[in-house]
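Trainee: A predicted structure for the sequence below; I have some questions about it.
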Amino acid sequence: MKLRIARLGLVAAALLFASDFSRAEPSETVIVALGDSLTAGYGLPQDQSFPAQLEAALKARGHNVRVVNAGVSGDTATAGLQRLDWAIPDDADAVIVELGANDALQGLPPERTKATLAKIIEALQAKNMPVLLAGMEAPRNLGKDYVESFGAMYPDLAARYDVILYPFFLEGAALNDNLMLKDGIHPNGEGVAVIVKSMLPKVEMLLAQTRAKGEG
């Protein structure tokens, strides 16, 4: 009888421990990186792409996270909006929006790109998804007025919709030949690592917003 009671006590203790452990283990947070070739990882092995390196960096900092690569090379903001419904999986918790570079390369009107990015943010916020908006800079050869108008749209949108802003996606890598592919447009694997390291604090802010949403 005593042996049976002892065994029941051990089982109860094990179940209690398992319950405590399951409560302590945070559920996986799914971040979608919605973008163009800069997100997709143009010219790179998939494990060197921005989403893959960001996921690895976040996991190294103790976050239980999965970063989904929803980058499509050549996408403009309009193309990103058109595929928004199917590009964001049902289990997504938050989104990083990196779009606009191809709009600038094509010389599209900044006001049109801004309006499209606004629609993307509105659609995501309607689903209660925190957003990190990654900005871009227009080529200088498009002229001062274009460059200034294009550059201003990202902080304007971030302020209007109260989303996290990372001002320039290629910060730390652009114009550094050692960190860019030969085309001078896309980062190499080392360049992506620099971008991830620089953006990490903003992404952790995004994770904090996501956790707060879940607790609300």
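Mentor: Yep, that arrived. Nothing here was measured: the structure is a model prediction, and the numbers come from that model.
Trainee: in the protein, what residue spans correspond to strands?
Mentor: Applying DSSP state E to the chain gives strands spanning 29-35, 65-71, 94-98, 131-134, 164-166.
Trainee: for the first one, list the C-alpha coordinates in PDB.
Mentor: Output of strand 29-35 as PDB, limited to C-alpha atoms (Å, rounded to 0.1, in the frame of the first residue of the first chain):
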ATOM      1  CA  THR A  29       5.700  33.600 -32.500                       C
ATOM      2  CA  VAL A  30       5.300  33.700 -36.200                       C
ATOM      3  CA  ILE A  31       6.700  36.800 -38.000                       C
ATOM      4  CA  VAL A  32       6.200  37.200 -41.700                       C
ATOM      5  CA  ALA A  33       8.800  39.100 -43.700                       C
ATOM      6  CA  LEU A  34       6.800  40.600 -46.600                       C
ATOM      7  CA  GLY A  35       9.000  42.100 -49.200                       C
END
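Trainee: picking up where we left off before, can you lay out the strands of the chain as a markdown table showing mean pLDDT and distance to A87?
Mentor: (C-beta placed from N, C-alpha, C; glycine too.) Below are the strands of the chain laid out as a markdown table (pLDDT from 0 to 100; distance: least, Cβ to Cβ, whole Å):
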| stretch | mean pLDDT | distance to A87 |
| --- | --- | --- |
| strand 29-35 | 99 | 6 |
| strand 65-71 | 98 | 5 |
| strand 94-98 | 99 | 9 |
| strand 131-134 | 99 | 14 |
| strand 164-166 | 99 | 20 |
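Trainee: deepest of those, which one?
Mentor: Highest mean neighbour count of the strands of the chain: strand 94-98, a mean of 27 (counted as mean count of other Cβ atoms under 10 Å).
Trainee: scan the protein for its longest helix.
Mentor: Identified as the longest helix of the chain according to DSSP state H is helix 189-215.
Trainee: could you check the angle that helix makes with strand 29-35?
Mentor: 130 degrees (axes from the mean of the first three to the mean of the last three Cα atoms, to 10 degrees).
Trainee: would you format the strands of the chain as JSON lines with distance to K202 included?
Mentor: Converted to JSON lines, these look like this (distance: least, Cβ to Cβ, whole Å):
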{"stretch": "strand 29-35", "distance to K202": "12"}
{"stretch": "strand 65-71", "distance to K202": "14"}
{"stretch": "strand 94-98", "distance to K202": "9"}
{"stretch": "strand 131-134", "distance to K202": "6"}
{"stretch": "strand 164-166", "distance to K202": "5"}
